[in-house]
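# Predicted structure and sequence below. I'll ask about it afterward.
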Amino acid sequence: MHKVLMVMKSKTEKEDRGFGLLQKEVIDPDLCCRCGTCVAVCPEDNIHFPDPTGKCLPADKGTCRDGCALCSRACPGADSDMSRFCEQAPGDRDPGFGLGPYREICLLKAADPAIRAKSTSGGAVTALLTYCLEHRIVDGVLSVGPDPGDPRRSAARISHSAEELLQCIQSRYCVVPLNAALRQLNPDKKYAMAGLPCQVEGLMKLRKRSPVLVENVSLVLGLFCHSTMYFEATERLLESAAGNGHTRLSAVKYRDGDFPGHFTVHRENGSEKIAHLDQLMVYFDFFSLNRCRLCMDHVAALADISFADPFPFLRELAENDRKWTAVVARTEKGSSLLEAALADGEYLTRREVRDNHVRDWDRGLHSKQWMHLLQVASDRRLGLAVPDFHAPLPPIGLIKALINAAKARVFFNITLGSVEMLKNAMCRDSRMKTLKQFRRWRRKRNRCRVNNIEGGAG
């Protein structure tokens, strides 16, 4: 009996170390953000992503070093320190960091019309990285682009020239463990990385745990993020395309054409628009990761420079001139780089923004982050696993927690879209029950607004 207990104890201790700890704390509770940091930090090259077109979860090769827990320590999935951004500022009703720390905000677009035409919104990321490559500020760029072997899929790409970089232009709404490719970087060269907030945070945690591994990443560009989706969403969209299978596909673009863009399939004999961005947003409600639902950093607050769509500033832009990129310079390095690239005159064009629109943007992000914080608090109240943000969570009752949990699983960020886009998705996916629930929720919301107006008038 004693021997059996010793064997069981030894097995439990082994599971609580190394990859077993990552499995227990992050993967099994569905807190993995698929950033790929665990692959990069593993000294035994033990972790890989065997199913990129499915759940895309890290797996164990069976060569884990006993006592090593670097993967779980570097992972931002279950441990994400947002405490410095979640402190309550004077006059704020709720904690939240909005836009986060920054030095300046402006609109930029690529001076090259070819880059601008192919871009999602302005091409500022591609233009700035092209400047960095051509002026030898960096030797390569790590980013997400189309998989060279399969145009349907997305993959981590390392670009060493402006031509290679141009192949990675536009947003890619598909799970890609970008940080796993950090292992492929040449330690004798300098690189820039363009990634999502979770990938940026994973890189920053690597700088603390294994600084030698990422000391050659000298510039970090962050992309504002709504959420990311499983590859299944892309497959569903492709199913609605005309044509015979995927063999004749030459490219898949998520935000092609005029701003804000269409999900477009390109073939040898032409292209086909499948879904407008409004319609595409519905897919985020059904195919997003659970960890995205609990995320607090939508603004890449830890990057040198963050980039976003120009939606907060559309009132300042003409109808035929909306391809601009909203740029948030956060560090001295980021500000200096922007200043140098603009002074060159051949890469970027700048436009100033109004302070009141920046304040509106900040308030909108503040509200979104507060809603996500309520979701974290609700899940925790129900005994579900949530990330540790190193920040106090708002108190919440059991009934409210149940309501919030149900809403999030049915209406995850549904308010960002329109009734028309929801109808489109319901027709495609035959989810009429959800449509009825949404209508009831909308009527209730409108009644609350009318009551508030009448109460204010009285």
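All right, it came through fine.
# Name all residues that make contact with the residue lying closest to residue 405 once chain neighbours are set aside.
The shortest distance from residue 405 to any non-neighbouring residue, by C-beta to C-beta, 6 or more residues apart in numbering, is to residue 378 (5.2 Å). Using the backbone N, CA and C atoms, a C-beta is placed for each residue, glycine as well. Shown in contact with residue 378 (C-beta atoms under 8 Å, 6 or more residues apart in numbering): 396, 400, 401, 402, 404, 405, 408.
# what helix or strand does the residue lying closest to the first one once chain neighbours are set aside sit in?
Spelled out, that is residue 396. Take residue 396 and drop its neighbours on the chain: the residue closest to it by C-beta to C-beta, 6+ apart is residue 377, 4.8 Å away. Element membership for residue 377 (DSSP states H and E) is helix 355-381.
# tell me which residues in that helix are buried?
With burial defined by 16 or more other C-beta atoms under 10 Å, the residues of helix 355-381 counted as buried are 357-358, 361-362, 365-366, 368-381.
# Residue 352 is in contact with residue 316, correct?
No. At 9.2 Å, residue 316 does not count as touching residue 352 under the criterion of C-beta atoms under 8 Å.
# mind listing what residue 348 touches?
Each residue near residue 348 by C-beta under 8 Å, 6+ apart is listed here: 108, 109, 110, 111, 124, 127, 128, 131, 338, 341, 342.
# which one of residue 316 and residue 352 has more residues nearby?
More crowded of residue 316 and residue 352, by other C-beta atoms under 10 Å: residue 316, with 15 against 10.
# What does the more buried one show for phi and psi?
Phi and psi for residue 316, reported as degrees, to the nearest 10, are phi -90, psi -10.
# Kindly report the same for residue 129.
According to degrees, to the nearest 10, the main-chain angles of residue 129 amount to phi -70, psi -30.
# What helix or strand is the closest residue to it other than its chain neighbours located in?
In space, and not counting its chain neighbours, residue 129 is closest to residue 141: 5.1 Å by C-beta to C-beta, 6+ apart. For residue 141, the enclosing helix or strand under DSSP H and E is strand 140-147.
# Break the protein down into its domains, please.
Domain segmentation of the chain under automatic domain parsing yields 2-74, 104-359, 370-457.
# Which stretch among the ones you listed is buried most, on average?
domain 104-359 (a mean of 19; mean count of other C-beta atoms under 10 Å).
# so how far is it off the chain centroid?
Put simply, domain 104-359 sits 10 Å off its chain's centre (C-alpha atoms, centre = their mean, to the nearest Å).
# What of stretch 52-65?
Counting by C-alpha atoms, centre = their mean, stretch 52-65 comes out at 21 Å from the chain centroid.
# Ok, stretch 40-57 next?
With C-alpha atoms, centre = their mean, you get 19 Å for stretch 40-57.
# Convert the C-alpha atoms of that stretch to PDB, please.
Extracted C-alpha coordinates of stretch 40-57, given in PDB (Å, rounded to 0.1, in the frame of the first residue of the first chain):
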ATOM      1  CA  ALA A  40      10.100  29.300 -27.900                       C
ATOM      2  CA  VAL A  41      11.100  29.000 -24.200                       C
ATOM      3  CA  CYS A  42      11.400  25.200 -24.000                       C
ATOM      4  CA  PRO A  43      15.100  24.200 -23.600                       C
ATOM      5  CA  GLU A  44      14.400  20.600 -24.800                       C
ATOM      6  CA  ASP A  45      12.300  21.600 -27.900                       C
ATOM      7  CA  ASN A  46       9.600  19.400 -26.400                       C
ATOM      8  CA  ILE A  47       6.500  21.500 -27.300                       C
ATOM      9  CA  HIS A  48       4.800  21.700 -30.600                       C
ATOM     10  CA  PHE A  49       1.400  22.600 -32.200                       C
ATOM     11  CA  PRO A  50       0.400  19.400 -34.000                       C
ATOM     12  CA  ASP A  51      -3.100  20.500 -35.000                       C
ATOM     13  CA  PRO A  52      -3.000  24.100 -36.400                       C
ATOM     14  CA  THR A  53      -6.300  23.700 -38.300                       C
ATOM     15  CA  GLY A  54      -8.200  22.400 -35.300                       C
ATOM     16  CA  LYS A  55      -8.000  23.600 -31.700                       C
ATOM     17  CA  CYS A  56      -4.300  24.500 -32.200                       C
ATOM     18  CA  LEU A  57      -3.200  23.500 -28.700                       C
END
